[in-house]
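Student: Everything below, folded, please.
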Amino acid sequence: MHPMIDSLSRSQRLWILVAMDALLLPLALLSAIILRFGGWPNDLHQYWPLLPIAPMVAIPVFIKMGLYRAVVRYMDEKVMITVFSGVSLSVLLLVAVVAFGRFVHMPRSAIVIYWILAMAYIGATRYLARGLLRTLENQKLDRVPVAIFGAGRAGSQLAMALEADRHYQPVIFFDHDRQLHGHIIAGVRVCDPENAASLIAELKVQQVLLAIPSLSRSRKREILNLFEPLHVQMKTVPDMKDLVEGKVGLSDIREVTIEELLGREVVEPIAALMQSNLTNKVVMVTGAGGSIGSELCRQILMQRPKQLILLEVTEFALYQIDQELRRLEQHRSQPVEIHGLLGSVVDSERVRSICQSYGVQTLFHAAAYKHVPIVEANPFEGLRNNFFGTYHTAKAASESGVERFILISTDKAVRPTNIMGATKRLAELSLQALASKQPNTVFSMVRFGNVLGSSGSVVPLFKEQIRKGGPITLTHADITRYFMTIPEAAQLVIQAGAMADGGEVFLLDMGEPVKIIDLARKMVHLSGLEVKDAAHPTGDIEILLTGLRPGEKLYEELLVDDDATATAHPRIMKANEPAWTEEDLHQVSVALEEIIRAKDVEGLKNVLKKHVSGFNS
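Tutor: Modelled structure (predicted):
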C-alpha cells in the first residue's frame, strides 16, 4: 500500500470520507439545479444557502445508518443498499427543510435529479476508494494470480472471498456457459476455457481453482485434462457453505489429486450386499492397519457391526486405525465395540483364540507382504506370511465357526513373474481347496490391481519425489498398471464377499490401464511444473528410467484362463479357473514347509513352477 495511505489511522480515513461527502453532496445539488434549468439560471444565487444544508442533513443520516462503519477495502455490493437508504432519507429531510424554511422554491424534478446524482457520487467514491486500496495492497502483497473455473454462485463467492485474502488474486473466470462469456463477475472477466492457453500466459496465471461443487468425476477429469498441458497448478476449493460457516478457510484450498484425474464415476454400492455380512455381525479384519485393511474398517463401521476386531502385527499402525475409528464413534449414542489386537496371521493359535473368544462371524483377510522387490529378497518370509498365514488363518477361522472368510488378493497372482505374486496365488488355491471340504465357512477371494494412494502405490512415491524437485524414478517407459481408489476397492470387496457361495475368485473391474510414465507427467503438470526432457531441457522435473526390478512385469492381468462370468454387480466378475483338491493342498504345504526349513530358494521356485500356472521367475 502507498506509505502515506498506510500511515493513516482508521479515524483519519473516516474523516477523509466525511470530507469527500461534504464536497460531493453540494456538487450533486448544484449539478441537479443546472441540469434542471439546462444551464446556469439567472437566479442561481437564491440556491446557494441550500448547498451547505445538503451535507449538514445527509452526513448525520449516513453516520446513523452505519455507512462510515464499513471497511472500504472489504465492501461488497450490499453497501449500495445502505447508500440508497441513506441518500433517500437525507433527500426527504432536505425537502422538509426547504418546505418548512420557505426561503426558496426547489423544483421537484431538481430534487429527483439530486437524489440520483447523490447516490451515484456517494456510491462511486466508495467503489473507487475500494479499488484504489485493493490495487495498492495487491502491489504490496505480491499475491498469486489465479483463475477460477466456474462463474456460478460458488465461483463468485470465492472471488469475493479471495479479494479479502492476502495470498490469491483472481484475475479471470473460466466457464463453459457461453451466455456468461464477456461478463464481469465480482470485478473479474468471464472467458471461454477454449482460450485458456493464451489467457493464462497473458495474465501470468499460476493456479486454477475449481469452484463447481456439483462437478461429476468425469466432468472434472475433462477439465483437468484441458488444463494439464498448460503446466498450471490445479487446486480445488472447499465447499462454500463450510467456508461461510467458518468450518474451513481459504487455507483449506488444496491441490487437485491424481486420484481425481484417474478416478471414475462411482457406482453406488448395493445396500443389501454391503449390510449382509456386516450389520449386527462380529467382523474381523487382519492387516487392519494397512491401506486396504484400514479402509475396509472404515466401510465396515458405516454398516454398524456388533463388534469390529482389528488384528495387526505393527503396533503403530494398529494404534493409528484404532484411534481413528474410536474418534468416528465417540459421538454416537450406540458406538460399535472396537477391539484393537496385536498379532500375526502366521500364529494360528492366536487367530483361533481371537475367533473363538469374540465369536467372529465375518473375516476379511487383508494381511500380506505385497512389495515385490522386498518379497523377492525375502522369499521365505513372503511364503510364510502370504501362503501359510492365509492357510492357517483360514483353517483356524473354519474350526472356530466363522461364517465367511474373504481373502484380499492381487492381479500379480495371475501368471506371476515374482515370488510375491506366486505366494498370493498359492493362498487363493489353498482357500479353494478348503472350500470343498469346509462347508460351514464360505471362502472367497477378491482379486484386483493397484489402488491409488496405497503404501505400495507409485502415487505417494511420485508426490514425494516431485516435492523434493525430482527426479521421478520409473522402471520402464512402457510399464502399465490398472488403478482404483481405495474406498471403491473396499466397497467392492465387501459386496463381492456377500455374493459368494464358496470357493469363488471374484475380479474387480479396474477400468482402463494407465501408462505409468503418463501418470508421472500428469502429476508434474498438475503441480504447475514442466517435465525436463530432450524437448524441454529447462524443465523442472526429470523422469529417470532405472530398469525393471526383479520379478516386475510390464503389464498385469486379472485372469488366469481368460474366462470370467458376470455377477449381480456391474463391476464384479467371477473367474472360472482350475482349483486344487485337499490332497493337492496337503502335498504342496508339506513340500513348502521342508523348503522353508532348508532355505532352498531353487527348490521353492521349482515348486512354484510346478503348481502355479504361468509362474516364470
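
Student: residue contacts, A118?
Tutor: Neighbouring residues of A118 by CB atoms under 8 Å, 6 or more residues apart in numbering: 24-25, 28-29, 54, 58, 87, 90-91. Where you see a C-beta, it was placed from the backbone N, CA and C, and this is true even at glycine.

Student: switch to 7 Å and redo it
Tutor: Shown in contact with A118 (CB atoms under 7 Å, 6 or more residues apart in numbering): 25, 28, 87, 91.

Student: quick check, nearest of the residues you listed to Q307?
Tutor: V87 (69.3 Å; CB to CB).

Student: helix or strand right after the least confident helix or strand in the chain by mean pLDDT?
Tutor: Least confident helix or strand, the chain: helix 3-6 with a mean of 50, by mean pLDDT, DSSP states H and E. Downstream of helix 3-6, the first helix or strand assigned by DSSP states H and E is helix 10-37.

Student: residues in contact with the next helix or strand after that next one?
Tutor: Heading C-terminal from helix 10-37, the first helix or strand you meet, by DSSP H and E, is helix 50-64. Contacting residues not belonging to helix 50-64 are listed as 18, 21-22, 25-26, 29-30, 68, 86, 89-90, 93-94, 97, 104 [CB under 7 Å, 6+ apart].

Student: pretty sure L117 is in a helix, no?
Tutor: Yes. Per DSSP: H, G, I helix; E, B strand; the rest coil, L117 lies within a helix segment.

Student: which residues does it contact?
Tutor: If a contact means CB under 7 Å, 6+ apart, then L117 has 28, 31-32 as its contacts.

Student: Throw together a PyMOL command that grabs the buried residues out of the residues you listed.
Tutor: Per 16 or more other CB atoms under 10 Å, the buried members of these correspond to this PyMOL selection:
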select buried, resi 28+31+32
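
Student: Check the contacts of L117 against V267 and report the nearest one.
Tutor: V267 has its nearest neighbour among those in A28, at 64.3 Å by CB to CB.

Student: so who does the closest one touch?
Tutor: By CB under 7 Å, 6+ apart, A28 lies in contact with 114, 117-118, 121.

Student: Can you tell me how far it is from V18?
Tutor: Distance, A28 to V18, by CB to CB, to the nearest Å: 16 Å.

Student: Tell me the confidence at the closest residue in space to P213 that isn't next to it in sequence?
Tutor: Distance criterion CB to CB, 6 or more residues apart in numbering; nearest residue to P213, sequence neighbours excluded, is A154 at 5.5 Å. Model confidence at A154, given as pLDDT, is 80.

Student: Just flag the most distant two among the contacts of A28.
Tutor: In terms of CB to CB, the contacts of A28 reach their longest pairwise distance at Y114 and Y121, which sit 10.2 Å apart.

Student: With respect to E381, which of the contacts of A28 is nearest?
Tutor: Proximity of those to E381 (CB to CB) peaks at Y121, which lies at 82.3 Å.

Student: Low-confidence stretches in the stretch 201-350 of the chain?
Tutor: Along the stretch 201-350 of the chain, the parts satisfying pLDDT under 70 run over 238-253, 257-266.

Student: the helices in it, which residues?
Tutor: 217-227, 240-244, 258-262, 271-276, 291-302, 315-329, 348-358 (DSSP state H, counting those that start in this stretch).

Student: residues near the closest residue to A197 other than its chain neighbours, how many?
Tutor: Nearest residue to A197 in three dimensions, chain neighbours excluded: L230, at 5.8 Å (CB to CB, 6+ apart). L230 has 15 neighbouring residues, counting by other CB atoms under 10 Å.

Student: check contacts around L230.
Tutor: Taking CB under 7 Å, 6+ apart, we find L230 in contact with 196-197, 200.

Student: Could you list the domains of the chain?
Tutor: Following automatic domain parsing, one finds the domains of the chain at 3-138, 143-256, 271-452+482-514+557-611.

Student: Could you export those domains as CSV, including distance to T538?
Tutor: What follows is the domains of the chain, written out as CSV (distance: least, CB to CB, whole Å):
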stretch, distance to T538
domain 3-138, 29
domain 143-256, 12
domain 271-452+482-514+557-611, 28
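
Student: winner for burial among those?
Tutor: When you average the neighbours per residue for each of the domains of the chain (mean count of other CB atoms under 10 Å), domain 271-452+482-514+557-611 leads with a mean of 20.

Student: Show the end-to-end separation of it, please.
Tutor: 39 Å (CA to CA, to the nearest Å).

Student: Offset the numbering so it begins at 58, please.
Tutor: Yes, from this point I'll number from 58; that puts the last item at domain 328-509+539-571+614-668.

Student: Next secondary structure after the strand or helix carrying M217?
Tutor: Secondary structure assignment for M217, by DSSP H and E: helix 210-220. On the C-terminal side of helix 210-220, the closest following helix or strand by DSSP H and E is strand 225-231.

Student: Got the confidence number for I598?
Tutor: 88.

Student: Can you give me the pLDDT of G513?
Tutor: For G513, pLDDT reads 61.

Student: List the buried residues for the helix or strand harbouring H582?
Tutor: Assigned by DSSP H and E, H582 belongs to helix 573-583. Neighbour-count burial for helix 573-583, counted by 16+ other CB under 10 Å, picks out 573-574, 576-583.

Student: Just give me the closest of those to R278.
Tutor: Nearest to R278 among the buried residues of helix 573-583: K579, at 10.8 Å, using CB to CB.

Student: Would you mind measuring from the closest one to I529?
Tutor: 11 Å.

Student: Same check on Q418?
Tutor: Distance, Q418 to I529, by CB to CB: 45 Å.

Student: nearest residue to L267 other than its sequence neighbours?
Tutor: Sequence neighbours aside, T293 is the residue nearest to L267 in space, at 4.5 Å (criterion: CB to CB, 6+ apart).

Student: just to revisit the earlier point, among the buried residues of helix 573-583, which one has the lowest pLDDT?
Tutor: The lowest pLDDT within the buried residues of helix 573-583 belongs to L583, with 77.

Student: That one - nearest residue in space that isn't next to it in sequence?
Tutor: In this structure, L583 finds its nearest non-sequential neighbour in M291, 5.1 Å apart by CB to CB, 6+ apart.

Student: next one: K338
Tutor: Spatial nearest neighbour of K338, excluding adjacent residues (CB to CB, 6+ apart): Q418 at 4.5 Å.

Student: got the contact list for that neighbour?
Tutor: Residues counted as contacts of Q418 (CB under 7 Å, 6+ apart) are 338-339, 459-460.

Student: Which one of those is nearest to G568?
Tutor: Nearest to G568 among these: K338, at 30.7 Å, using CB to CB.

Student: ok now do that closest one, which residues does it touch?
Tutor: With contact taken as CB under 7 Å, 6+ apart, K338 is in contact with 362-363, 418-419.

Student: Out of these, which two sit at the greatest distance?
Tutor: Distance extremes for those: the farthest pair is K363 and T419 at 10.6 Å, using CB to CB.

Student: one step back: same for the helix holding H582, what does it pack against?
Tutor: In this structure, helix 573-583 makes packing contacts with helix 315-319, helix 515-524, strand 529-531, strand 598-602, judged by 3 or more CB pairs under 7 Å, 6 or more residues apart in numbering; DSSP states H and E.
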